[in-house]
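Q: just need the structure, nothing else, for what follows:
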Amino acid sequence: MGELINTVDTTVTIGSVTLQNPVLAASGTFGFGREMADWLDLSRLGGICSKGLTRLPRAGNPPPRVAETSCGMLNSVGLQNPGLDHFIKEELPFMRRQGCAVIANVAGQTQDDYVTMCRRLDDEPLDAIELNLSCPNVHEGCMLIGSDAVQIERLLKKVRAVTSNPLWAKLTPNVTNVTTMAQAAAAGGADAVVLINTLLGLAIDRRSRRPVLRNNTGGLSGPAIKPVALRMVAEVSQAVDLPVIGVGGIMSGEDAIEFLIAGASAVEIGTASLIRPAACLEILDEMVQIARTEDMNTLSAYSGTLRYW
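A: This next block holds a predicted model:
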């Protein structure tokens with residue numbers, strides 16, 4: 001059931017998935033929700049996207065792996081995670097008890113990795129699987145697959161054959177034409193697409209003349225990428241008959257509603273949670289307040305209302 005906050009219905013649907021509101025915690029900056037539980041009521045979230053999971057535990061990239069930028073941050077964490085077995089045994093039960101949707105973010109080095117993990121997760125109590133096809137900090141696997149439309153379609157078809165879970169394809173902006181990648185995901189059987197992951201960037205230490213990050217490059221997130229994300233959400237939502245989940249630089253309720261107007265059905269909050277742990281709920285409350293002042297009875301009514309000149 002969705003929420004009715006001060007007469008504004010916050011319920012949204014993503015294919016077969018019904019969320020109590022359109023605000024999801026993005027993968028990577030929210031962990032599995034344990035740390036954030038001290039700061040906000042997780043049951044009020046639309047859902048939590050897990051830390052990016054790999055088949056085996058992964059230590060990630062060597063430090064330093066985070067660097068501030070003028071309007072955001074670079075990260076090169078490199079998919080540090082405890083592995084699928086630990087997630088199923090320790091983290092998933094905790095997430096399920098929080099009263100919001102649970103989305104497992106899955107990454108792999110090979111297509112077989114994705115297939116193996118999604119088959120294993122098919123019997124688990126998930127609301128959706130988010131296929132990470134877009135991590136820019138791992139120089140194999142997800143990034144290579146996510147920049148090739150043929151591989152995206154092939155992977156989606158393989159995964160679709162082994163799981164009944166809804167599949168959300170999280171796509172990279174680091175391609176020539178993101179619409180082509182979204183169309184490939186749709187052709188392969190995706191139930192939704194998530195746009196965008198981080199933009200590949202570089203920070204330099206002038207004194208040492210070396211990159212700040214030990215991995216040399218990292219993914220740019222935060223307010224700086226919002227215009228790019230909005231443009232891609234708008235383009236894909238008009239070209240593909242799939243729900244779009246918008247992510248990238250959302251710091252306020254106004255930002256989130258702009259993503260809905262561009263064509264998103266829901267949004268994910270990433271970097272904002274690192275700055276303000278309660279950002280997800282603050283953004284939701286701001287969205288509801290805006291809707292009230294504009295006499296909107298539902299948040300979903302904003303979706304896809306962009307009018308181009």
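Q: list phi and psi for Val115.
A: When read as degrees, to the nearest 10, the backbone of Val115 gives phi -60, psi -50.
Q: so the nearest residue to Ser70 once chain neighbours are set aside versus Ala272, what's the distance?
A: Spatial nearest neighbour of Ser70, chain neighbours left out: Ala224 (7.1 Å); criterion: CB to CB, 6 or more residues apart in numbering. (C-beta placed from N, C-alpha, C; glycine too.) The gap separating Ala224 from Ala272 is 13 Å, by CB to CB, to the nearest Å.
Q: try Ala149
A: 31 Å.
Q: ok, now Arg292?
A: 22 Å.
Q: compare the two (neighbour count), which wins?
A: Ala272 (24 against 14; other CB atoms under 10 Å).
Q: surely the more buried one touches Ile250?
A: Yes. Contact criterion CB atoms under 8 Å: Ala272 and Ile250 qualify, at 6.4 Å.
Q: so Cys280, which of the three states?
A: helix (DSSP: H, G, I helix; E, B strand; the rest coil).
Q: before we move on, back to that, contact partners for the residue nearest to Ser70?
A: By CB atoms under 8 Å, 6 or more residues apart in numbering, the residues touching Ala224 are Thr69, Ser70, Cys71, Gly72, Gly249.
Q: farthest pair in those residues?
A: Ser70 and Gly249 (12.9 Å; CB to CB).
Q: okay, those two: which has more neighbours?
A: Gly249 (24 against 7).
Q: are we agreed that the more buried one is in a strand?
A: No. Per three-state DSSP, Gly249 lies outside any strand segment and is coil.
Q: without its sequence neighbours, what residue ends up closest to it?
A: Nearest to Gly249 is Lys226, by CB to CB, 6+ apart, at 3.0 Å.
Q: could you measure from Met117 over to Pro57?
A: Distance from Met117 to Pro57, by CB to CB: 13 Å.
Q: the two: which has the busier surroundings?
A: Met117 (24 against 14).
Q: and that one, what does it touch?
A: Met117 neighbours (CB under 8 Å, 6+ apart): Leu53, Thr54, Arg55, Leu84, Val106, Gly108.
Q: again with Ile88
A: Ile88 touches Arg120, Leu121, Glu124, counting by CB under 8 Å, 6+ apart.
Q: starting at the chain centroid, how far to stretch 216-231?
A: Mean-position distance between stretch 216-231 and its chain equals 13 Å (CA atoms, centre = their mean, to the nearest Å).
Q: and the residue located most distally from the centre of the chain, what element?
A: Distance from the C-alpha centroid of the chain, by CA atoms, centre = their mean, peaks at Arg207 (35.5 Å). For Arg207, there is no helix or strand it lies in under DSSP states H and E.
Q: circling back to that earlier point, of all the contacts of Met117, which two lie farthest apart?
A: Across the contacts of Met117 (CB to CB), the longest gap, 10.3 Å, separates Leu84 and Gly108.
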